[in-house]
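Colleague: Below: sequence and its predicted model.
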Amino acid sequence: MSDDEDERVTTYSILGGCSLAPALAAGSIMSAPRIFSDMAVMKRRRPVSSAPRWRVYGNGLNLEGYCQNSSCEAYNQSRVIIPLGYRDFRFNIDSYLCKCPLCGSRVREETCGFCNAEYKYSGFQAINDDAKEVNSSWQDAPDGFYTTFDDGHNHFVKWFQLKIEVRRR
């Protein structure tokens, strides 16, 4: 549609039963807010050799969520870790990448972690039915640790949009 405020819907020959919707900026997505970590309280954990097969992380970005496949060994266990490497992740848009490392079923991401990388995030949190813009600076996630976030109940928030950027250290 034109930016000209004098233009009317009739100018565009919109047929009955059709509706107009505003266009979003390139690379954005509008959806109902979803729960994900607030990414506020960082924790660094040392590797654990006794970790189950579904809790193995890699360098770069690692997303976490619960496998919902009742026939999977990871079902009803701890969160599975989905290593994605050095790449950006756009919440909702790239969610199709979140699959259980054991059975390949779709996992709804809830939080993330990093190893041997730098990361930053930006987006819009849902606060009292309003959108609050959030931007972080580059953070360091050293090698030899799994950098993740406090996963207490009060550290999960609703996000309208979230982009996590990851690069090599």
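Modeller: The structure has been received and is ready for your questions. Numbers count the residues shown, from 1 in each chain.
Colleague: Please report phi then psi for residue 95.
Modeller: Main-chain torsions, residue 95, degrees, to the nearest 10: phi -60, psi -20.
Colleague: Which residue is the nearest non-sequential neighbour of it?
Modeller: Leaving out its chain neighbours, the residue that sits closest to residue 95 by CB to CB, 6 or more residues apart in numbering is residue 109, at 6.3 Å. For glycine as for every other residue, the C-beta is placed from the backbone atoms N, C-alpha and C.
Colleague: burial count for that neighbour?
Modeller: 24 (other CB atoms under 10 Å).
Colleague: ok, the residue most central in space within the chain to residue 37 distance?
Modeller: For the chain, residue 91 is the residue whose C-alpha lies nearest the centre (CA atoms, centre = their mean; 3.6 Å). Remark: distance between residue 91 and residue 37 (CB to CB, to the nearest Å) = 11 Å.
Colleague: now residue 156
Modeller: 6 Å.
Colleague: Check residue 62 too.
Modeller: On the measure of CB to CB, residue 62 and residue 37 end up 12 Å apart.
Colleague: quick one: which of those two has more around it?
Modeller: Neighbour totals were compared for residue 62 and residue 37, and residue 62 leads with 25 against 22 (other CB under 10 Å).
Colleague: related to what we said a few turns ago, could you find the closest non-adjacent residue to the residue nearest to the centre of the chain?
Modeller: Nearest to residue 91 is residue 162, by CB to CB, 6+ apart, at 3.8 Å.
Colleague: Each with direction, which strands does the one helix or strand the one you found maps to pair with?
Modeller: Assigned by DSSP states H and E, residue 162 belongs to strand 156-168. Strand pairing for strand 156-168, determined by DSSP bridges: strand 34-37 (antiparallel), strand 89-90 (antiparallel), strand 117-127 (antiparallel).
Colleague: Right, I'll call it a day here.
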